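Engineer: sequence? don't have it. structure:
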């Protein structure tokens with residue numbers, strides 16, 4: 001038979017259960033705005049009854065556990081969507097910034113500078129002897145070059161900023177992953193000790209998982225998922241083995257942490273590559289495997305493949321813009337210089353040469369030189385062409401002939417220029433016409449000019465074609481004119497432009513484009529014509545025509561044939577298209593994320609209204625349990641009164 005003391009114990013257990021419920025409700029209310037906190041519920045069950053006649057007698061209530069209301073299925077969907085949103089947000093922010101670098105509207109930007117550059121060449125063609133126009137042309141050229149420099153520096157600066165962000169974020173990924181490994185160890189220890197759920201530690205781990213997903217799109221695999229509909233219809237709980245991975249590579253395996261490593265040793269510009277470090281210390285490249293989160297966006301923008309030759313990324317949206325800008329500047333420089341090489345000068349001097357002059361075919365030198373032919377011309381003091389020789393370039397033509405006294409390379413530019421066409425001992429001489437068709441063996445190209453190579457302090461060679469002193473003193477000048485395959489200025493060999501012979505622009509790309517240093521120092525030396533005859537404006541007119549001509553713009557060995565205007569429009573519109581595309585996707589993923597976040601919070605987040613209802617319920621239960629104890633107390637007093 002159950003005693004009054006048993007009834008007193010039942011009342012006490014009710015008080016205790018209500019007290020725990022009130023404590024849990026208070027904890028929920030206190031953490032209603034705490035990031036990552038999931039609401040808790042008290043799990044109660046009837047205590048084991050007493051087996052007495054005439055049947056089992058109740059023995060109060062037990063607190064089985066305090067569980068958090070959490071749905072792992074929805075949480076995985078939430079973190080995956082969060083990863084996509086973080087990726088999209090960063091892409092949108094970066095591309096919106098990039099698009100501001102190309103304000104090609106309202107006569108502002110590189111295209112407007114380029115238009116004014118051609119306008120001044122037109123004015124120069126109309127007034128070839130006007131020094132004020134020459135000064136204005138030099139100033140506009142400087143403005144154009146400086147604007148291209150500025151654009152280059154902005155895009156390159158963005159690349160370097162992304163590169164630094166990559167390292168910072170990978171360090172953060174490692175820090176968070178290591179914390180998760182430590183939390184896993186604490187969870188195992190806590191839950192193994194008393195069998196209760198380590199709610200706060202699991203909340204902490206969920207926040208870390210969410211942040212890792214935002215950073216790098218990490219995903220979690222667990223042994224099993226358990227459901228408990230008594231607590232909440234949506235509740236599922238992860239248990240068993242734990243793996244946090246990126247595309248199959250485990251960052252966290254239970255309580256073991258495997259770090260990511262960043263290394264810039266292969267890049268002269270300091271661009272980082274990302275590796276996964278295995279337990280055997282082998283590094284596995286990860287740049288192409290990381291697609292999600294902020295880090296995935298950084299790699300997609302900056303580029304994941306590092307070219308060991310250039311030290312720069314070879315892919316990526318920002319890198320493509322950088323490469324396109326370089327291609328624009330490179331072709332602008334070489335095509336303009338190719339036209340300006342028509343100007344007769346004492347000496348045609350090249351840029352430093354970075355290829356083997358005796359082994360590398362000119363068409364494979366990376367200088368934009370094509371097969372065909374060009375004319376080497378000599379002008380006298382009256383502007384007359386007194387010598388002219390066609391120099392041919394095929395797929396195997398090299399620049400230097402080597403040791404001329406010992407089997408010279410005949411398929412070379414140097415050999416063709418130096419060839420004495422009237423030498424009866426040279427069998428190749430009979431294959432050519434007399435340069436001047438005057439049967440004079442002493443006034444051909446090989447008599448008037450000389451070819452030479454010099455080596456600078458960086459051990460790089462330069463190529464020169466200069467007038468022989470005798471003819472230079474008579475006012476003779478040498479020039480190069482492309483033999484065009486069609487009426488298009490871009491249909492020639494681009495030999496002079498590729499090597500920078502008698503250049504208008506110094507430099508090779510967007511980083512170093514500038515007006516020729518000699519012309520910058522004295523703009524009055526800019527020439528409008530091929531000769532020094534007053535009124536000669538042939539070169540200036542070709543410069544004006546340059547804006548309408550199509551040229552090859554090379555990006556990663558892919559050629560685009562377009563005008564300077566057209567290619568720059570292609571470059572700037574690509575930036576705008578990418579920004580618009582990402583913005584549209586960002587709107588979509590933001591709407592999707594908001595829906596998933598609302599679903600997740602409806603399950604996990606604390607509802608103040610619900611907690612107030614629970615508080616009243618527990619308060620009522622506490623009062624009722626107290627009434628049970630008061631009743632038992634009165635019954636005991638009655639019992640003791642009978643004895644008296």
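Structural biologist: Nice, I can see it. Keep in mind that this is a model prediction, so the values were computed, not measured.

Engineer: Which helix or strand contains the closest residue to residue 311 other than its chain neighbours?
Structural biologist: Spatial nearest neighbour of residue 311, excluding adjacent residues (Cβ to Cβ, 6 or more residues apart in numbering): residue 268 at 3.6 Å. For every residue, glycine as well, the C-beta is placed using N, CA and C. Using DSSP states H and E, residue 268 maps to neither a helix nor a strand.

Engineer: Kindly report the same for residue 464.
Structural biologist: Assigned by DSSP H and E, residue 464 falls in strand 461-467.

Engineer: Now do the buried residues in that strand.
Structural biologist: Neighbour counts over strand 461-467 (16 or more other Cβ atoms under 10 Å) mark 461-463, 465-467 as buried.

Engineer: Can you give me the domain assignment for the chain?
Structural biologist: Listed domain ranges for the chain are 1-68+607-644, 344-501 (source: automatic domain parsing).

Engineer: Okay, residue 204 and residue 217: tell me how far apart.
Structural biologist: Residue 204 sits 21 Å away from residue 217, taking Cβ to Cβ, to the nearest Å as the criterion.

Engineer: Neighbour count for the two, which is higher?
Structural biologist: Ranked by neighbour count (other Cβ atoms under 10 Å), residue 204 and residue 217 place residue 217 first, with 24 against 18.

Engineer: Hmm, that one is touching residue 298, no?
Structural biologist: No. Using Cβ atoms under 8 Å, residue 217 is not in contact with residue 298; the gap is 12.0 Å.

Engineer: what do those two both touch?
Structural biologist: Common neighbours of residue 217 and residue 298, using Cβ atoms under 8 Å, 6 or more residues apart in numbering, do not exist here.

Engineer: coming back round to it: columns distance to residue 555 and mean pLDDT on top of the domains of the chain, output as TSV?
Structural biologist: Putting these into TSV (distance: least, Cβ to Cβ, whole Å; pLDDT from 0 to 100) gives the following:
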stretch	distance to residue 555	mean pLDDT
domain 1-68+607-644	45	88
domain 344-501	12	86
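
Engineer: right, and the ones you listed - which one's nearest residue 147?
Structural biologist: Closest to residue 147 of the domains of the chain is domain 344-501 (Cβ to Cβ; 21.5 Å).

Engineer: what's the first-to-last distance across that closest one?
Structural biologist: Length of domain 344-501, first residue to last, Cα to Cα, to the nearest Å: 11 Å.

Engineer: How about stretch 381-400?
Structural biologist: 30 Å.

Engineer: so how far is that stretch from its chain's centroid?
Structural biologist: With Cα atoms, centre = their mean, to the nearest Å as the basis, stretch 381-400 stands 44 Å off its chain's centre.

Engineer: tell me the SS of residue 561?
Structural biologist: Assigned by DSSP: H, G, I helix; E, B strand; the rest coil, the conformation of residue 561 is strand.

Engineer: how far away is it from residue 362?
Structural biologist: According to Cβ to Cβ, residue 561 stands 20 Å off from residue 362.

Engineer: Between those two, which is the more surrounded one?
Structural biologist: Of the pair residue 561 and residue 362, residue 362 is the one with more neighbours under other Cβ under 10 Å, namely 26 against 12.

Engineer: Pull the contacting residues for residue 120.
Structural biologist: Listed by Cβ under 8 Å, 6+ apart, the contact set of residue 120 reads 133, 136-137, 140.

Engineer: Helices along the stretch 1-150 of the chain, start to end?
Structural biologist: Under the criterion DSSP state H, counting those that start in this stretch, helices of the stretch 1-150 of the chain are mapped to 4-30, 72-99, 110-126, 131-194.

Engineer: Nearest approach to residue 484 belongs to which of the ones you listed?
Structural biologist: The closest of the helices of the stretch 1-150 of the chain to residue 484 is helix 110-126. By Cβ to Cβ, the value is 19.4 Å.

Engineer: Could I get the buried residue list for that closest one?
Structural biologist: Judged by neighbour count (16+ other Cβ under 10 Å), helix 110-126 contains these buried residues: 110-114, 116-118, 120-121, 123-125.

Engineer: Which two of these have the greatest separation?
Structural biologist: The most widely separated members of the buried residues of helix 110-126, counting by Cβ to Cβ, are 110 and 125 (22.8 Å).

Engineer: Neighbour-wise, give me the winner out of the contacts of residue 120.
Structural biologist: In terms of neighbours by other Cβ under 10 Å, these top out with residue 137 at 26 neighbours.

Engineer: ok, now how distant is the residue nearest to it when sequence neighbours are not counted from residue 522?
Structural biologist: Closest residue to residue 137 apart from its sequence neighbours, by Cβ to Cβ, 6+ apart: residue 120 at 4.4 Å. Using Cβ to Cβ, residue 120 is found at 17 Å from residue 522.

Engineer: Please apply the same query to residue 334.
Structural biologist: In this view, residue 334 and residue 522 are 24 Å apart by Cβ to Cβ.
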